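# Give me coordinates for this.
(2 chains)
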Amino acid sequence: MSRVLVGVKRVIDYAVKIRVKPDHSGVVTDGVKHSMNPFCEIAVEEAVKLKEKKFIKEVVAVSCGPTQVTETIRTALAMGCDRGIHVEVSGKDYEAMGPLQISKIFAALAKKEEASLVILGKQAIDDDCNQTGQMTAALLDWPQGTFASEVTIDGEKVKVVREIDGGLETIKISMPAVLTADLRLNTPRYATLPNIMKAKKKKIANMKPADLGVDEPPTRLAGVKVETVDDLVAKLKANGTI
Amino acid sequence: MVVKADTVSGSDMANPLRREVRQLYKNLLYLGREYPQGADYFRERLNSAFMKNKYVTDPKEIRKLVDCGEDVIKELGTMYYLREYSIMKKRFYEEELLGLLNIGRPTD
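Numbers count the residues shown, from 1 in each chain, chains lettered A, B, ... in the order given. As a prediction, this is how the structure comes out:
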């Protein structure tokens, strides 16, 4: 039980008022304040807590994206992670990137780093996908404890209290496993200046998705609107999905 | 703006304390960037607070003031967290909040 991988995403700051670009091609990101996804902060905090309680030895913070995401990795390091991994993806590839590609990258890294746990935020506040954790677990064929509001390590198992519709569910899963953090899991610590200074000495490794055997993401195709449910079923049958 | 936080000179206590006070100022300044009323507002208040104690010489007094400053750092961290938490809670758990307030959902 040695290593935990934590995924962190750089998103537009939660407090920023989002503006759509004049050409409607997306939202304005240039010059806009970005920070670590709030659910990722909670994931980092949980991992660091587990390390402080001596359940695990090392916390590795991972982020995928252009150069700027190293800022987010630095924040994770300032919160107590030991080292970082920056999987470099930029430009059009980054825009086309979604949970499936990210999960493939995390799965490959989890195997490479021999992680006992992969902890992610339950969703990102920019896309609200809520898919990466689940997909990563499926690719690794690991158990998953999603929407975690409480995590306890009990020997080789993890007890997870999950926030579900209508209340709470407690499950016990074996490690290695994937966990996704919900809002009430913990209170993330603020990265103060002394911690940020200390974090500058910590290493951030740089790599490309290809180094992990992950392909470039395909260009995203436009969606199709349909009028009725019958149309939807017909279309899905036609392209072989069902 | 350079702030000479204390004017203790000569004694052995001065140097480590002076460094601590300077570090405290830097740490507070860093945290103040996110202050709700603005970073400039915070910096003005921070500067005047430090200037007010410019001539304190007793190391015990200085220690007390530094500890006070550390408490402010903790309070700021908590305030920033609460601000984020309450916005996130409202955004993601509105249904839950409505339930707590016994406000029913609009009927279909």
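
# hmm, the longest helix along chain B in reach of chain A?
As assigned by DSSP state H, the longest helix anywhere in chain B is helix B:59-92. Yes - against chain A, helix B:59-92 shows contacts by C-beta under 8 Å from any C-beta of the partner chain at B:73, B:76-77, B:80-81, B:83-85, B:87-89, B:91-92. (Glycine included, C-beta is placed from N, CA and C.)

# Equivalent analysis for stretch B:27-35, please.
Yes - Stretch B:27-35 lies within reach of chain A by C-beta under 8 Å from any C-beta, at B:Asn27, B:Tyr30, B:Leu31.

# And the buried ones among the residues of helix B:59-92 next to chain A, selectable in PyMOL?
The buried residues among these can be selected in PyMOL (16 or more other C-beta atoms under 10 Å in any protein chain shown) with this line:
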select buried, chain B and resi 73+76+77+84+85+88+92
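
# can you put the residues of stretch B:27-35 next to chain A in JSON lines and add secondary structure and distance to A:Asp230?
Converted to JSON lines, these look like this (DSSP: H, G, I helix; E, B strand; the rest coil; distance: C-beta to C-beta, whole Å):
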{"residue": "B:Asn27", "secondary structure": "helix", "distance to A:Asp230": "63"}
{"residue": "B:Tyr30", "secondary structure": "helix", "distance to A:Asp230": "59"}
{"residue": "B:Leu31", "secondary structure": "helix", "distance to A:Asp230": "58"}
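
# List buried members of those residues by neighbour count.
B:Asn27, B:Leu31.

# where does the chain dip in pLDDT?
Since no chain was named, I'll use chain A. In the predicted model, chain A carries pLDDT under 70 at residues A:1, A:217-220.

# Correction: the question concerned chain B.
If you take pLDDT under 70 as the line, chain B has these spans: B:1-14, B:95, B:97, B:100, B:102-108.

# Swap in 80 and give it another go.
B:1-15, B:94-108 (pLDDT under 80).

# wouldn't A:Lys33 be in contact with A:Ile12 here?
Yes - using C-beta atoms under 8 Å, A:Lys33 makes contact with A:Ile12 at a distance of 7.2 Å.

# Which phi and psi values does A:Met36 adopt?
With angles defined as degrees, to the nearest 10, A:Met36 sits at phi -70, psi 140.

# Kindly report the same for A:Arg10.
phi -90, psi 120.

# helices or strands next to the strand of greatest length in chain A in the packing?
Counting residues, the longest strand found in chain A (DSSP state E) is strand A:144-154. With contacts taken as 3 or more C-beta pairs under 8 Å, 6 or more residues apart in numbering or on different chains; DSSP states H and E, strand A:144-154 sits against helix A:38-52, helix A:132-140, strand A:157-164, strand A:167-174, strand A:177-181.

# Just checking: what are the partner strands of that strand?
strand A:157-164 (antiparallel), strand A:177-181 (parallel) (DSSP bridges).

# in that strand, what's buried?
Quick answer for strand A:144-154 (16+ other C-beta under 10 Å): A:Gln144, A:Gly145, A:Thr146, A:Phe147, A:Ala148, A:Ser149, A:Glu150, A:Val151, A:Ile153.

# tell me which of those residues is nearest to A:Ser116?
A:Ile153 (9.4 Å; C-beta to C-beta).

# Next one: the closest one from chain B, what distance?
25 Å (C-beta to the nearest C-beta, to the nearest Å).

# So what pairs up with that residue in the strands?
Applying DSSP bridges, one finds that A:Ile153 bridges with A:Val158.

# Is it correct that it is in contact with A:Leu50?
Yes - A:Ile153 is within contact range of A:Leu50, at 6.8 Å (criterion: C-beta under 8 Å).

# List of residues touching the longest strand of chain A?
Contacts to strand A:144-154, defined as C-beta atoms under 8 Å, 6 or more residues apart in numbering or on different chains, come from residues A:1, A:46, A:50, A:55, A:122, A:133-134, A:137, A:158-164, A:168, A:171-173, A:177-185.

# what's the burial count for A:Glu95?
By the measure other C-beta atoms under 10 Å in any protein chain shown, the count of residues near A:Glu95 is 13.

# Helix, strand, or coil at it?
helix (DSSP: H, G, I helix; E, B strand; the rest coil).

# What's the local residue count around residue 65?
I'll assume chain A. A:Gly65, neighbours per other C-beta under 10 Å, totals 20.

# hmm, I had chain B in mind actually
So B:Leu65, with other C-beta under 10 Å, has 19 neighbours.

# give the contact list for it.
Shown in contact with B:Leu65 (C-beta under 8 Å, 6+ apart): B:Asn53, B:Val56.

# Kindly report the same for A:Gly223.
Counting by C-beta under 8 Å, 6+ apart, there are no residues that A:Gly223 touches.

# Angles on the backbone of it, please.
Torsion angles, degrees, to the nearest 10, at A:Gly223: phi -80, psi 170.
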